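**Q** Need the 3D shape of this:
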Amino acid sequence: MTAAHKADLTVIIVNWNTRDLLRRCLDSLQADACSLVLQVIVVDNGSRDGSQELLRSAYPWVTRIENTANVGFARANNQGAALACAPLLLLLNSDAAVVPGGSWTAVHFMHEHPTVGIAGLQLLNDDRTLQPSGKRFPTLLSTIVGLLPVPERWRGAYDRRRNARDYARTASVDEVSAAVMVVRRDLFHAVGGFDESFHFFGEDIDLCWRTRKAGYEVAYLPSAQAVHSWGGARARTPSIRQGLLSQRAQYMLLQHHKPAWQATLLHGFLIGLTAARLVRAVAQILRRHTPVPCSIAHLYVRELLWLLRP
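**A** Presented below is the predicted three-dimensional model:
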């Protein structure tokens with residue numbers, strides 16, 4: 001793991017206050033390395049939980065980038081990629097752990113399939129049940145359905161029908177999750193890396209979209225697996241803020257990759273939806289005479305201002 005210039009695979013892990021999960025992640029790499037030479041880079045986004053001290057004391061073979069603040073997932077990965085020496089990058093969430101054999105299988109697959117630019121490992125929940133990944137690109141319809149204030153089971157049923165396939169088979173797909181994603185280093189740099197205007201959601205979908213436009217395939221690889229625990233930054237971000245960041249990312253994806261009229265229609269829909277939620281939050285404040293929803297109202301105001309910016 002120390003001969004970075006001879007590495008078979010550069011692993012880039014972005015960490016933000018996930019010390020214990022980061023330990024599990026790094027230990028899984030040590031157990032999985034086998035005959036591979038790994039260069040491991042951890043980009044820490046200003047953690048205050050002892051993550052940086054853990055790296056210095058227990059993992060001296062890790063290359064560290066210590067940001068003083070949370071610069072976002074996209075920018076942090078780009079920082080790590082700038083130091084990468086291997087021809088392949090493994091972008092690995094700190095809340096993910098590679099199942100033994102996964103890294104070698106993914107590297108071998110990429111060597112055997114030169115037309116594949118990105119490969120996503122099969123994701124498993126902590127109980128080893130399937131965590132579906134490898135989906136179709138969003139459309140105007142799928143985005144609106146995903147944002148409608150309807151029961152979650154309805155949205156989930158629509159998403160399952162839209163992305164139904166055999167998850168036990170290797171497949172060419174539109175996009176895979178950056179929770180555990182192998183990317184050709186030269187391709188990553190050629191397409192510009194992650195778009196840093198995506199701060200929290202959508203950057204992996206955008207990268208896959210640009211990869212396919214560049215003439216490469218995106219593959220889903222069930223023979224290589226990783227456990228993904230959903231315990232990273234998302235777990236510590238309030239659900240309402242998550243929803244707003246997600247809807248913003250969906251709008252940006254349509255702006256970048258779909259006809260302008262679709263982005264315009266979605267823009268109008270998002271203004272109306274966000275305004276309606278703001279009105280509801282204000283009504284709750286007035287009715288309950290409590291300051292609790294004020295922070296929620298503030299989030300909606302900020303999002304409306306972003307949508308209405310010139």
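**Q** Only C-alpha atoms from now on, for both contacts and neighbour counts.
**A** Fine.
**Q** quick one, helices of the stretch 101-250 of the chain?
**A** Under the criterion DSSP state H, counting those that start in this stretch, the stretch 101-250 of the chain carries helices at the ranges 102-112, 140-147, 152-162, 185-190, 203-213, 239-257.
**Q** winner for burial among those?
**A** The highest mean neighbour count among the helices of the stretch 101-250 of the chain, using mean count of other Cα atoms under 10 Å, belongs to helix 203-213: a mean of 21.
**Q** Any buried residues in the longest helix seen in the chain, and which?
**A** With secondary structure taken from DSSP state H, the chain has its longest helix at helix 260-288. With burial defined by 16 or more other Cα atoms under 10 Å, the residues of helix 260-288 counted as buried are 262-263, 266-267, 270-271, 273-275, 278, 281, 284-285.
**Q** what about the top strand by length along the chain, average pLDDT?
**A** In the chain, taking DSSP state E as the definition, the longest strand is strand 217-228. Average pLDDT, strand 217-228: 97.
**Q** How about stretch 78-97?
**A** On average, stretch 78-97 scores 97.
**Q** Ile12 touches Leu88, doesn't it?
**A** No. At 10.7 Å, Ile12 and Leu88 do not qualify as touching, with contact defined as Cα atoms under 8 Å.
**Q** hang on, the earlier thing: tilt between the longest helix of the chain and helix 140-147?
**A** Helix 260-288 and helix 140-147 meet at an angle of 10 degrees, taking axes from the mean of the first three to the mean of the last three Cα atoms, to 10 degrees as the criterion.
**Q** tell me how far helix 260-288 is from the chain's mean position?
**A** How far helix 260-288 lies from its chain's middle: 26 Å, per Cα atoms, centre = their mean, to the nearest Å.
**Q** Okay, angle between the next helix or strand after that helix and helix 260-288 too, please.
**A** Beyond helix 260-288 on the C-terminal side, the first helix or strand identified by DSSP states H and E is helix 294-307. The directions of helix 294-307 and helix 260-288 differ by 160 degrees, with the same axes, to 10 degrees as the criterion.
**Q** Return the distance of the nearest residue to Asn17 once chain neighbours are set aside relative to Val218.
**A** Nearest non-adjacent residue to Asn17, counting by Cα to Cα, 6 or more residues apart in numbering: Ser47, 4.7 Å away. Distance, Ser47 to Val218, using Cα to Cα, to the nearest Å: 32 Å.
**Q** neighbour-wise, which of the two wins?
**A** Each of Ser47 and Val218 has its neighbours counted (other Cα atoms under 10 Å); Val218 has more, 25 against 18.
**Q** returning to that earlier point: between Ile12 and Leu88, which contacts overlap?
**A** Residues touching both Ile12 and Leu88 (Cα atoms under 8 Å, 6 or more residues apart in numbering): none.
**Q** so what's Cys294 up against?
**A** 281-282, 285.
**Q** about what we covered before: and the helices of the stretch 101-250 of the chain, which one's lowest on average pLDDT?
**A** Among the helices of the stretch 101-250 of the chain, helix 152-162 carries the lowest mean pLDDT, at a mean of 88.
**Q** Can you pull up the most central residue in the chain?
**A** Ala178 (4.2 Å; Cα atoms, centre = their mean).
**Q** roughly how far apart are the closest residue in space to that residue that isn't next to it in sequence and Asn163?
**A** Excluding its sequence neighbours, the residue lying closest to Ala178 (Cα to Cα, 6+ apart) is Asp204, at 5.4 Å. In this view, Asp204 and Asn163 are 17 Å apart by Cα to Cα.
**Q** Does the residue nearest to Ala178 touch Glu196 like I think?
**A** No. The criterion here is Cα under 8 Å, and Asp204 misses it with Glu196 at 11.1 Å.
**Q** ok, the buried residues of helix 260-288 vs Thr63, which is closest?
**A** Ala263 (40.6 Å; Cα to Cα).
**Q** residue contacts, the closest one?
**A** Ala263 neighbours (Cα under 8 Å, 6+ apart): 140, 251, 254-255.
**Q** could you redo these as a markdown table and give each row distance to Val183?
**A** Below are these laid out as a markdown table (distance: Cα to Cα, whole Å):
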| residue | distance to Val183 |
| --- | --- |
| Leu140 | 28 |
| Tyr251 | 25 |
| Leu254 | 23 |
| Gln255 | 24 |
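**Q** What count of nearby residues applies to Trp61?
**A** Neighbourhood size, Trp61 [other Cα under 10 Å]: 14.
**Q** and it, helix, strand or coil?
**A** Here Trp61 is recorded as coil under DSSP: H, G, I helix; E, B strand; the rest coil.
**Q** got the CA positions of stretch 180-200 in CSV?
**A** Provided in CSV are the C-alpha atoms of stretch 180-200 (Å, rounded to 0.1, in the frame of the first residue of the first chain):
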residue,chain,number,x,y,z
VAL,A,180,-18.6,2.5,-4.5
MET,A,181,-17.5,3.3,-8.0
VAL,A,182,-14.5,2.4,-10.2
VAL,A,183,-13.5,5.0,-12.8
ARG,A,184,-10.7,5.2,-15.3
ARG,A,185,-8.4,7.9,-14.0
ASP,A,186,-7.6,9.4,-17.5
LEU,A,187,-11.3,9.4,-18.3
PHE,A,188,-12.2,11.1,-15.0
HIS,A,189,-9.8,13.9,-15.7
ALA,A,190,-10.8,14.1,-19.4
VAL,A,191,-14.5,14.7,-18.6
GLY,A,192,-13.6,17.2,-15.9
GLY,A,193,-14.1,15.1,-12.8
PHE,A,194,-17.0,15.8,-10.6
ASP,A,195,-19.0,19.0,-11.3
GLU,A,196,-18.4,20.9,-8.0
SER,A,197,-21.7,22.9,-8.4
PHE,A,198,-23.3,19.7,-7.1
HIS,A,199,-22.6,19.8,-3.4
PHE,A,200,-24.3,16.8,-2.0
